[in-house]
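[1] Starting from these lines, generate the structure:
(one chain, ligands or ions: 1)
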Amino acid sequence: MFDPRTYQPASNLLTDRVVLITGASDGIGKAVAQAAAAHGATVLLHGRNVRKLEAVYDSIVAAKHARPSIVPLDFEKAGPEEYETLAAALEQEFGRLDALLHNAGMLGERAPIEHHDVPKWMRTMHVNVTAPFILTRYCLPLLKRSADPSIIFTSSGVVARPRAYWGAYLASKWASDGLMHMLADELENKPTIRVNSIDPGKVRTKMRLQAYPAEDPQTLPEPGAIVGPYLYLLGPDSRGVSGETFSCQ
Ligand SMILES: NC(=O)c1ccc[n+]([C@@H]2O[C@H](COP(=O)([O-])OP(=O)(O)OC[C@H]3O[C@@H](n4cnc5c(N)ncnc54)[C@H](OP(=O)(O)O)[C@@H]3O)[C@@H](O)[C@H]2O)c1
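    Numbering: from 1, shown residues only. Purely as a prediction, here's the structure:
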């Protein structure tokens with residue numbers, strides 16, 4: 001059976017595809033954005049820190065890949081109308097969206113439910129689940145205009161192995177996977193649109209360091225080492241695959 005972890009993408013895999021990646025300023029999102037650009041995509045770099053996004057933009061331009069765009073939006077602060085405005089701007093500039101990767105996320109607080117800070121819970125659920133819902137809601141018409149659209153949510157090991165004290169992060173990743181399955185089912189009659197999740201596994205990023213401060217980061221793969229399954233789901237080789245969760249490790 002095909003294993004996306006060993007996927008070898010063609011160098012022109014994503015040529016002429018317009019790909020929106022949330023949380024592209026750092027970690028896994030940044031690595032996937034750079035890899036997607038290296039495989040021909042026009043990448044729309046979403047994040048909340050324009051300075052960090054500009055550094056990713058510059059790295060893609062310096063590598064002589066298709067010129068990306070910067071899409072700033074702070075998921076904690078934005079209201080629904082700002083997502084609608086964002087989608088309208090994308091429609092005006094690109095006319096369609098070929099892929100949407102929901103990668104941005106926050107760890108939130110890890111504490112027993114009895115003591116979990118309530119506003120922190122709400123913020124984490126909002127950034128990790130509600131923001132992907134709203135963005136999907138307003139981008140679906142653009143995705144439906146693509147010949148081969150793909151939506152990707154980001155899962156986590158806490159879905160397969162739920163455990164104590166992971167707070168809103170765990171609940172949000174279960175909800176995100178539920179949203180993926182629901183959407184895949186809703187779009188069943190539109191077989192060109194695929195909706196899947198990726199669990200990146202343990203990756204050397206800011207979030208992982210926050211979750212496991214005592215861990216030696218050198219023992220973990222860098223984000224650039226786990227992008228294969230992302231490229232597989234972004235490109236045409238995953239046509240017809242929907243409602244599944246893939247592991248990068
Ligand atoms: N690393 C792992 O081992 C691991 C394991 C399982 C799942 N994951 C998942 O993989 C995804 C990427 O995580 P990562 O490890 O690459 O983490 P990361 O390095 O901390 O990157 C998170 C990204 O999300 C952005 N973000 C956070 N809050 C935001 C907000 N309010 N509005 C807009 N953007 C926001 C960050 O922007 P800033 O640069 O401005 O902070 C950054 O670009 C997450 O969904 C995470 O849950 C990671």
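[2] How many residues are close by the closest residue to the ligand within the chain?
    Of all residues in the chain, the one sitting closest to the ligand is Gly27 (2.3 Å; Cβ to the nearest ligand atom). C-beta here means a position set from N, CA and C on the backbone, and glycine is covered the same way. Other residues near Gly27 come to 22 when the count uses other Cβ atoms under 10 Å.
[3] Double-check it against Val203; I have them as touching.
    Yes: look at Gly27 against Val203 with Cβ atoms under 8 Å: they come within range, at 7.2 Å.
[4] what touches both of those two?
    Pro223 (Cβ atoms under 8 Å, 6 or more residues apart in numbering).
[5] what does the chain put close to the ligand?
    Taking Cβ under 6 Å from any ligand atom as the contact definition, the chain meets the ligand at 23, 25-29, 47-49, 52, 74-76, 103-106, 127, 154, 156, 200, 202-203, 205-208.
[6] who does the helix or strand hosting Ala184 touch, helix- and strand-wise?
    Assigned by DSSP states H and E, Ala184 falls within helix 167-186. Here helix 167-186 touches helix 118-125, helix 131-143, strand 150-154, helix 157-160, strand 194-199, going by 3 or more Cβ pairs under 8 Å, 6 or more residues apart in numbering; DSSP states H and E.
[7] same thing but 6 Å
    helix 118-125, helix 157-160, strand 194-199 (3 or more Cβ pairs under 6 Å, 6 or more residues apart in numbering; DSSP states H and E).
[8] hey, which of the ones you listed is tucked in deepest?
    Of all those, strand 194-199 carries the top mean neighbour count, a mean of 24, counting by mean count of other Cβ atoms under 10 Å.
[9] In this protein, where is pLDDT below threshold?
    1 (pLDDT under 70).
[10] what ranges do the helices span in it?
    Here the chain has its helices, by DSSP state H, at 27-38, 50-62, 80-94, 118-125, 131-143, 157-160, 167-186, 206-211, 228-234.
[11] Show me the contact partners of the last one.
    Helix 228-234 is touched from outside by 4, 7, 9, 19, 32, 99, 150, 152, 196, 198, 238, 246, 248, with contacts defined as Cβ atoms under 6 Å, 6 or more residues apart in numbering.
[12] Redo the residues you listed as JSON lines? Include distance to His115.
    Formatted as JSON lines, the contacts of helix 228-234 follow (distance: Cβ to Cβ, whole Å):
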{"residue": "Pro4", "distance to His115": "39"}
{"residue": "Tyr7", "distance to His115": "43"}
{"residue": "Pro9", "distance to His115": "46"}
{"residue": "Val19", "distance to His115": "40"}
{"residue": "Val32", "distance to His115": "35"}
{"residue": "Ala99", "distance to His115": "40"}
{"residue": "Ser150", "distance to His115": "40"}
{"residue": "Ile152", "distance to His115": "34"}
{"residue": "Asn196", "distance to His115": "35"}
{"residue": "Ile198", "distance to His115": "32"}
{"residue": "Ser238", "distance to His115": "42"}
{"residue": "Phe246", "distance to His115": "35"}
{"residue": "Cys248", "distance to His115": "33"}
